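*Asks:* Sequence and predicted model, in that order:
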Amino acid sequence: MTFIARIEELSTLENEYNSEKSNLVIIYGRRRVGKTSLIREFLSKHNDSIYFLATEEKEENNLRNFKYLVSKFINNKLLNNALIDWYDIFNYLVKYKTSTKKL
(Lines give C-alpha, C1' and ligand atoms only; values in the text may rest on other atoms or scores of the structure.)
Protein backbone atom coordinates (compact mmCIF):
# COMPACT_ATOMS: atom_id res chain seq x y z
CA MET A 1 0.00 0.00 0.00
CA THR A 2 1.36 3.44 -0.94
CA PHE A 3 1.31 6.26 1.57
CA ILE A 4 0.00 9.44 -0.04
CA ALA A 5 0.31 13.06 1.11
CA ARG A 6 -0.21 13.87 4.81
CA ILE A 7 2.90 16.05 4.52
CA GLU A 8 1.62 18.61 7.03
CA GLU A 9 0.76 15.94 9.59
CA LEU A 10 4.13 14.20 9.16
CA SER A 11 5.87 17.56 9.51
CA THR A 12 4.00 18.25 12.76
CA LEU A 13 5.00 14.86 14.16
CA GLU A 14 8.62 15.42 13.11
CA ASN A 15 8.67 18.87 14.75
CA GLU A 16 7.32 17.42 17.99
CA TYR A 17 9.89 14.63 17.85
CA ASN A 18 12.74 17.09 17.31
CA SER A 19 11.58 19.38 20.11
CA GLU A 20 13.85 19.74 23.13
CA LYS A 21 10.90 18.83 25.38
CA SER A 22 9.00 15.60 25.67
CA ASN A 23 5.49 16.00 24.30
CA LEU A 24 2.28 14.06 24.14
CA VAL A 25 0.74 14.05 20.68
CA ILE A 26 -2.85 12.89 20.36
CA ILE A 27 -4.00 11.70 16.97
CA TYR A 28 -7.74 11.46 16.55
CA GLY A 29 -10.31 11.37 13.79
CA ARG A 30 -13.10 9.39 12.24
CA ARG A 31 -12.64 5.73 11.46
CA ARG A 32 -10.76 4.74 8.32
CA VAL A 33 -9.14 8.14 7.61
CA GLY A 34 -5.54 6.87 7.91
CA LYS A 35 -4.51 7.52 11.52
CA THR A 36 -2.71 4.19 11.83
CA SER A 37 -1.04 4.61 8.45
CA LEU A 38 0.15 8.07 9.46
CA ILE A 39 1.69 6.73 12.66
CA ARG A 40 3.32 3.79 10.88
CA GLU A 41 4.75 6.06 8.19
CA PHE A 42 6.23 8.39 10.79
CA LEU A 43 7.70 5.53 12.84
CA SER A 44 9.18 3.89 9.73
CA LYS A 45 11.78 6.68 9.74
CA HIS A 46 12.61 6.15 13.43
CA ASN A 47 14.15 2.79 14.30
CA ASP A 48 14.10 3.74 17.97
CA SER A 49 10.38 3.13 18.35
CA ILE A 50 7.86 0.58 19.46
CA TYR A 51 4.56 0.26 17.64
CA PHE A 52 1.84 -1.59 19.49
CA LEU A 53 -1.85 -1.72 18.63
CA ALA A 54 -3.98 -3.28 21.35
CA THR A 55 -6.65 -5.66 20.16
CA GLU A 56 -10.09 -6.49 21.50
CA GLU A 57 -9.00 -9.70 23.15
CA LYS A 58 -8.09 -10.62 26.69
CA GLU A 59 -5.91 -8.10 28.49
CA GLU A 60 -3.40 -10.86 29.23
CA ASN A 61 -2.84 -11.34 25.49
CA ASN A 62 -2.23 -7.62 24.93
CA LEU A 63 0.07 -7.52 27.95
CA ARG A 64 2.04 -10.54 26.68
CA ASN A 65 2.38 -9.06 23.18
CA PHE A 66 3.46 -5.65 24.47
CA LYS A 67 5.90 -7.23 26.91
CA TYR A 68 7.45 -9.16 24.01
CA LEU A 69 7.92 -5.96 21.96
CA VAL A 70 9.47 -4.13 24.92
CA SER A 71 11.79 -7.05 25.71
CA LYS A 72 13.05 -6.97 22.11
CA PHE A 73 13.38 -3.17 22.16
CA ILE A 74 15.46 -3.06 25.35
CA ASN A 75 17.22 -6.33 24.49
CA ASN A 76 16.17 -8.06 27.70
CA LYS A 77 14.92 -11.58 26.97
CA LEU A 78 14.24 -12.19 30.65
CA LEU A 79 11.57 -9.49 30.65
CA ASN A 80 9.52 -11.54 28.21
CA ASN A 81 9.30 -14.37 30.74
CA ALA A 82 8.72 -12.21 33.83
CA LEU A 83 5.35 -12.06 35.55
CA ILE A 84 4.78 -8.31 35.51
CA ASP A 85 1.98 -5.85 34.86
CA TRP A 86 1.57 -2.78 32.63
CA TYR A 87 3.05 -0.48 35.26
CA ASP A 88 6.21 -2.57 35.50
CA ILE A 89 6.65 -2.70 31.73
CA PHE A 90 6.42 1.07 31.41
CA ASN A 91 8.88 1.44 34.28
CA TYR A 92 11.35 -0.75 32.36
CA LEU A 93 10.91 1.53 29.37
CA VAL A 94 11.37 4.73 31.38
CA LYS A 95 14.55 3.42 32.98
CA TYR A 96 15.99 2.12 29.70
CA LYS A 97 18.66 4.58 28.54
CA THR A 98 18.68 5.60 24.91
CA SER A 99 20.55 8.22 22.97
CA THR A 100 17.30 9.45 21.41
CA LYS A 101 13.73 10.06 22.48
CA LYS A 102 11.53 7.06 23.11
CA LEU A 103 8.60 6.67 20.74
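*Replies:* Happy to help now that I have it.

*Asks:* all contacts plus neighbour counts: C-alpha atoms, from now on.
*Replies:* Noted.

*Asks:* Low-confidence regions, this structure specifically.
*Replies:* Within the chain, the ranges that satisfy pLDDT under 70 run 1-2, 101-103.

*Asks:* give me that answer again for 50
*Replies:* Along the chain, no part satisfies pLDDT under 50.

*Asks:* Tell me which stretches of it form helices.
*Replies:* 7-18, 35-43, 59-73, 77-81, 86-95 (DSSP state H).

*Asks:* JSON lines please, covering those and showing distance to I27.
*Replies:* Listed next are the helices of the chain as JSON lines, based on distance: least, Cα to Cα, whole Å:
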{"stretch": "helix 7-18", "distance to I27": "10"}
{"stretch": "helix 35-43", "distance to I27": "7"}
{"stretch": "helix 59-73", "distance to I27": "20"}
{"stretch": "helix 77-81", "distance to I27": "29"}
{"stretch": "helix 86-95", "distance to I27": "21"}
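
*Asks:* CSV please, covering those helices and showing distance to L24 and mean neighbour count.
*Replies:* Converted to CSV, those look like this (distance: least, Cα to Cα, whole Å; neighbours: other Cα atoms under 10 Å):
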stretch, distance to L24, mean neighbour count
helix 7-18, 9, 14
helix 35-43, 14, 15
helix 59-73, 20, 17
helix 77-81, 26, 14
helix 86-95, 15, 12
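
*Asks:* quick one: which of these is nearest F52?
*Replies:* helix 59-73 (6.6 Å; Cα to Cα).

*Asks:* same for that closest one, what does it pack against?
*Replies:* When contacts are defined as 3 or more Cα pairs under 8 Å, 6 or more residues apart in numbering; DSSP states H and E, helix 59-73 sits against helix 77-81, helix 86-95.

*Asks:* Next, the angle from that helix to helix 86-95.
*Replies:* Computed by axes from the mean of the first three to the mean of the last three Cα atoms, to 10 degrees, the angle separating helix 59-73 from helix 86-95 equals 20 degrees.

*Asks:* who's in contact with helix 59-73?
*Replies:* For helix 59-73, contacts defined as Cα atoms under 8 Å, 6 or more residues apart in numbering pick out 49-50, 52, 54-55, 77-80, 85-86, 89, 93.

*Asks:* switch the cut-off to 6 Å
*Replies:* A54, K77, L79, N80 (Cα atoms under 6 Å, 6 or more residues apart in numbering).
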